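[1] heads up, no residue letters with this:
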């Protein structure tokens, strides 16, 4: 059974950087597509970024383009979300997801989800 566990969330100031991690157990991360979604209070969960099983970014939301990137550590079976130049509007609970999506930006296309990690951006 696949389990995803996020970590790395916290409180940062605008302009800071933060790295989130998503550790997979039960299956290697290179065997499926993975993605990050986020949900701010009072808003629907939204797509952030996804990576193909074969490697390489598949899609990235315009709101984070140029600031966020995603990369995998296959030795540790962990995917990372590197977030730079954080803005208050980036504050949300961040979720990692894994699966075999046809449309990578749709959350209903993913089979496995982590519990989420909170990111707060405030001065």
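    Structure received. Every value quoted in this text rests on a predicted model; they were computed, and no experiment measured them.

[2] Tell me the spacing between the residue nearest in space to the middle of the chain and residue 123.
    Most central residue of the chain, judged by C-alpha distance to the mean C-alpha position with CA atoms, centre = their mean, is residue 36 at 2.5 Å. Here the distance between residue 36 and residue 123 works out to 24 Å (CB to CB, to the nearest Å). From N, CA and C alone the C-beta is placed, and that goes for glycine too.

[3] what's the answer for residue 114, then?
    Taking CB to CB, one finds residue 114 at 28 Å from residue 123.

[4] ok, those two, which is more surrounded?
    Comparing residue 114 with residue 123 by neighbour count (other CB atoms under 10 Å), the higher total belongs to residue 114, at 22 against 7.

[5] Give me the distance between that one and residue 14.
    Look at residue 114 and residue 14: by CB to CB, they are 26 Å apart.

[6] What is the least confident helix or strand in this structure?
    Ranking every helix and strand in the chain by mean pLDDT, DSSP states H and E puts strand 57-60 at the bottom, with a mean of 88.

[7] Now that strand: buried residues?
    Under the neighbour-count criterion of 16 or more other CB atoms under 10 Å, strand 57-60 has 58-60 buried.

[8] Spit out the contact partners of residue 104.
    Contacts for residue 104 were tallied using CB atoms under 8 Å, 6 or more residues apart in numbering; they are 33, 35, 47, 50, 58-59.
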